[in-house]
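J.: Provided below are the primary sequence and the corresponding predicted coordinates.
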Amino acid sequence: MEWETVIGLEVHAQLNTVSKIFSGAATAYGAEPNRQACAVDLGLPGVLPVLNEAVVRKAVMLGLALDAQIAPRSVFARKNYFYPDLPKGYQISQFELPIVARGHLEIELDDGSRKRIGVTRAHLEEDAGKSVHEGFGTMTGIDLNRAGTPLVEIVSEPELGSAREAVAYMKKLHALVRYLDICDGNMQEGSFRCDANVSVRPVGQSSFGIRTEIKNLNSFRFVERAINFEVERQIDLIESGGTVVQETRLFDPDRDETRPMRSKEEANDYRYFPDPDLLPVAVHAEDIEAIRAGMPELPDAKRERFARDYGLSPYDAGTLTATRELADYYEALVAACGAPKLAANWMMGDFTAALNRSELEVARSPVTPAALAQLLTRIRDETISGKIAKEVFDAMWAGEGDADAIIAGRGLKQITDTGAIDRIIDDVIAANPVQLEQYRAGKDKLLGFFVGQVMKKTQGKANPAQVNERLRARLSGD
Amino acid sequence: MSLTSNEVRRIAHLARLAVDDREAEGLAAALSDIFDFVEALNNADIEGIAPMAHPLDAEQRLRPDRVTESDQRELFQDIAPAVEGGVYLVPRVIE
């Protein structure tokens, strides 16, 4: 039987505010346990939550970027459940009236075509604390620093047809929150994570199959592997006569499989109701327009502009706008060197390779756009060849100074003095009489041999075009 | 609308309330009476009236995104039953 996969993603993005969603406690990552958990975060009696302005603004930015509806009034609700890292016994979330609804995001598929994925809603909520199960004997340790960190949960329609599409969607969303600067996007620290709802059905069937939910996927690779495993598991199960059980599962990256999260699944019954501590959140049309006016250029618009203004191919423009940091670096580089194509080639070639080798983010590059621009300018004014430039770049990356200093220090300046090149050519011809005779007898491809010898003697510093031209003349005996 | 004692036990469990079978019977009757009372609202004409999320006709006030709370961990942990190395300790919750 032919099977079709249906996936919906719930992405949790921590909003990068300095204080929490309902309290003035700090949100900085990595503090000592419970040093950033105040009375509101602890749910002590008598406290009142007060909503953070930046949280609302960032959610509206996301909504606008997703071309979604911004609710003029949205309502916070209590989601009731018991877990020690949720001190109040309820999570403040949004249920019936989320701040953002009915948006969409366009993803690029492997074959280059584009697919529009619906975004059902995006709602605001508070993060829970962290439970530490190791190291406290028969007890569990609770760190509430994360409790009250603002989250936006972005729920997609079940319109993703494969693990690859799910990853493409998640990457697109990740780039978007980074462009908007509403989330730091750090997946290792859990700032951007997702739950995947996965089901399968026979091709042609219109109703959905029974779905399972894979919780807490915190890397693109895990999303792909977990979904692929789960799809295969469900198909095998159904084809061997079983039925899929609706349940929550966890992905184990070491064993590359998903497992049920709890042995005894309790039906979720969160008994949502509007939180009486919080009034409805109003977002007025003039607020929305003010936020829209302050929005940065978004990835799709930037990609189109790069292709148009810099004459880049769609692929190059896509690569260079994949992250805001990369795009900003590229624009600074082009502004400083004035050579869009040369800059694009260098960034996608040696620059990216060096970043990968050093396992660095663009922002941490030891070579600044201005420094790289100086190097590219030396290629353009023929001070050095493209080949020598790679050597200079490696030295710059290693911290040996700027391009001009390295070129001068290592004596890498291209030899353009024709007299000097002629002398070297004469030496090479004199040293290789046999090859000279063969060349003159018609073996033209020996020209390459002579060019190689001259380049070797000049340590690559001669201008290749010039060497070619003069060698040809000398070898012919002119 | 009437509530069964099974439903009462389930709700009590979700709210982590200890309710024995005899209490459940009584609560089922009492809660059913409350539902009947509230059900009178179904007779009200609500055509064109927006659902109300809060009894006050006001908007949520927002606070600026600033850190205003200082660390009071020691004070808070003074009243906790068990702490170690800055974390609160609770009975082990994983299976």
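T.: Yep, that arrived.
J.: How are the strands of the stretch 1-150 of chain A distributed by residue range?
T.: With strands called from DSSP state E, counting those that start in this stretch, the stretch 1-150 of chain A shows them at A:3-14, A:51-52, A:69-70, A:73-74, A:76-80, A:90-94, A:100-108, A:114-126, A:130-132, A:139-143, A:150-156.
J.: what helices or strands is the third one leaning on?
T.: Using 3 or more CB pairs under 8 Å, 6 or more residues apart in numbering or on different chains; DSSP states H and E, the elements in contact with strand A:69-70 are helix A:53-65, strand A:100-108. Just so you know, the C-beta spots here come from the backbone N, C-alpha and C atoms, and that holds for glycine as well.
J.: what about 7 Å?
T.: Using 3 or more CB pairs under 7 Å, 6 or more residues apart in numbering or on different chains; DSSP states H and E as the contact test, the elements touching strand A:69-70 are strand A:100-108.
J.: Tell me what angle the strand it packs on forms with strand A:150-156.
T.: On the basis of axes from the mean of the first three to the mean of the last three CA atoms, to 10 degrees, strand A:100-108 is oriented at 60 degrees to strand A:150-156.
J.: Partner strands of the strand ranked longest in chain B and their direction?
T.: Secondary structure of chain B per DSSP state E: the longest strand is strand B:87-91. Sheet partners assigned to strand B:87-91 using DSSP bridges are listed as strand A:139-143 (antiparallel), strand B:83-84 (antiparallel).
J.: Now do it: everything it contacts.
T.: Strand B:87-91 has contacts (CB atoms under 7 Å, 6 or more residues apart in numbering or on different chains) with A:33-34, A:84, A:132, A:136, A:139-143, B:80, B:82-83.
J.: Just the buried residues of it, please?
T.: By neighbour count on 16 or more other CB atoms under 10 Å in any protein chain shown, the buried set for strand B:87-91 is B:Val87, B:Tyr88, B:Leu89, B:Val90.
J.: Find the nearest non-adjacent residue to the last one, please.
T.: Take B:Val90 and drop its neighbours on the chain: the residue closest to it by CB to CB, 6 or more residues apart in numbering or on different chains is A:Pro84, 4.3 Å away.
J.: need the contact list for the one you found.
T.: Contacts of A:Pro84 by CB under 7 Å, 6+ apart are A:Ser131, A:Thr140, A:Ile142, B:Val90, B:Val93.
J.: picking that back up, out of the buried residues of strand B:87-91, who's nearest B:Ala58?
T.: Within those, proximity to B:Ala58 (CB to CB) peaks at B:Tyr88, which comes in at 35.7 Å.
J.: and the host helix or strand of A:Ala395, what does it pack onto?
T.: In this assignment (DSSP states H and E), A:Ala395 forms part of helix A:386-397. Judged by 3+ CB pairs under 7 Å, 6+ apart, the packing partners of helix A:386-397 are helix A:369-380, helix A:403-410.
J.: hang on, the earlier thing: with respect to A:Ala431, which of the strands paired with strand B:87-91 lies nearest?
T.: It's strand A:139-143; of the strands paired with strand B:87-91, that one is closest to A:Ala431 (CB to CB) at 74.9 Å.
J.: what's the average pLDDT for the closest one?
T.: For strand A:139-143, mean pLDDT rounds to 95.
J.: again with stretch A:212-223
T.: Stretch A:212-223 carries an average pLDDT of 94.
J.: So which bits of it are buried?
T.: Buried residues in stretch A:212-223 (16+ other CB under 10 Å): A:Thr212, A:Glu213, A:Ile214, A:Lys215, A:Asn216, A:Leu217, A:Asn218, A:Ser219, A:Phe220, A:Phe222, A:Val223.
J.: just checking, which of the residues you listed belong to strands?
T.: A:Thr212, A:Glu213, A:Ile214, A:Lys215, A:Asn216, A:Leu217.
J.: Could you save the residues you listed as CSV and add columns showing distance to chain B?
T.: Output for those, formatted as CSV (distance: CB to the nearest CB, whole Å):
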residue, distance to chain B
A:Thr212, 19
A:Glu213, 18
A:Ile214, 19
A:Lys215, 14
A:Asn216, 14
A:Leu217, 20
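J.: need the longest helix for chain A.
T.: Longest helix in chain A by number of residues (criterion: DSSP state H): helix A:220-239.
J.: For that helix, which residues meet the burial criterion?
T.: Neighbour-count burial for helix A:220-239, counted by 16+ other CB under 10 Å, picks out A:220, A:222-231, A:233-235, A:238.
J.: The next helix or strand after it near chain B at all?
T.: Proceeding N to C from helix A:220-239, the next assigned helix or strand is strand A:248-252, under DSSP H and E. No. Contact between strand A:248-252 and chain B is absent, the nearest approach being 11.8 Å (criterion: CB under 7 Å from any CB of the partner chain).
J.: Describe which strands strand A:248-252 pairs with in its sheet and in which direction.
T.: Assessed with DSSP bridges, strand A:248-252 is paired to strand A:212-217 (parallel), strand A:257-260 (antiparallel).
J.: one step back: from the helices and strands packed on helix A:386-397, which stretch is densest packed?
T.: helix A:369-380 (a mean of 20; mean count of other CB atoms under 10 Å in any protein chain shown).
J.: what pairs with A:Pro202 across the strands?
T.: A:Trp3.
J.: burial measure for it, as a count.
T.: 11 (other CB atoms under 10 Å in any protein chain shown).
J.: And for the one 3 residues further on?
T.: The burial metric for A:Gln205, expressed as a neighbour count using other CB under 10 Å, is 11.
J.: Which residue is the nearest non-sequential neighbour of residue 21?
T.: Going with chain A. A:Ile21 sits nearest to A:Pro150 (CB to CB, 6+ apart), 3.8 Å away.
J.: meant chain B actually
T.: B:Ser5 is the one closest to B:Asp21 (CB to CB, 6+ apart), at 7.1 Å.
J.: The one you found against B:Ala29, yeah?
T.: No. Counting by CB atoms under 7 Å, B:Ser5 stays clear of B:Ala29, with 9.0 Å between them.
J.: And those two? Which one has more around it.
T.: Higher neighbour count among B:Ser5 and B:Ala29: B:Ser5, with 17 against 13, using other CB under 10 Å.
J.: Check the more buried one and give its pLDDT.
T.: pLDDT, read off for B:Ser5, is 90.
J.: which parts of chain B sit against chain A?
T.: B:14, B:16, B:53-54, B:56, B:58-69, B:71, B:73, B:76, B:82, B:84, B:86-95.
J.: Buried ones in stretch A:413-430, by neighbour count?
T.: Buried residues in stretch A:413-430 (16+ other CB under 10 Å): A:Gln414, A:Ile415, A:Ile421, A:Ile424, A:Ile425, A:Val428, A:Ile429.
J.: Which one of the residues you listed is nearest to chain B?
T.: A:Gln414 (54.7 Å; CB to the nearest CB).
J.: what's near enough to touch that closest one?
T.: Taking CB under 7 Å, 6+ apart, we find A:Gln414 in contact with A:Glu382, A:Thr383, A:Ile384, A:Ser385, A:Lys461, A:Ala462, A:Asn463.
J.: List buried residues within those.
T.: Among the contacts of A:Gln414, the ones that count as buried by 16+ other CB under 10 Å are A:Thr383, A:Ile384, A:Ser385, A:Lys461, A:Ala462, A:Asn463.
J.: and these, which of them are in helices?
T.: Reading helices off the buried ones among the contacts of A:Gln414, I find no matches (DSSP H).
J.: Who are the contact partners of the residue in chain A positioned nearest to chain B?
T.: Distances between chain A and chain B by CB to the nearest CB are smallest at A:Gly24, namely 3.2 Å. The neighbours of A:Gly24, taking CB under 7 Å, 6+ apart as the test, are B:Arg66, B:Val67, B:Thr68, B:Glu69.
J.: Using JSON lines, lay out those residues together with pLDDT, neighbour count and secondary structure.
T.: Output for the contacts of A:Gly24, formatted as JSON lines (pLDDT from 0 to 100; neighbours: other CB atoms under 10 Å in any protein chain shown; DSSP: H, G, I helix; E, B strand; the rest coil):
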{"residue": "B:Arg66", "pLDDT": "98", "neighbour count": "14", "secondary structure": "coil"}
{"residue": "B:Val67", "pLDDT": "98", "neighbour count": "17", "secondary structure": "coil"}
{"residue": "B:Thr68", "pLDDT": "98", "neighbour count": "12", "secondary structure": "coil"}
{"residue": "B:Glu69", "pLDDT": "97", "neighbour count": "18", "secondary structure": "coil"}
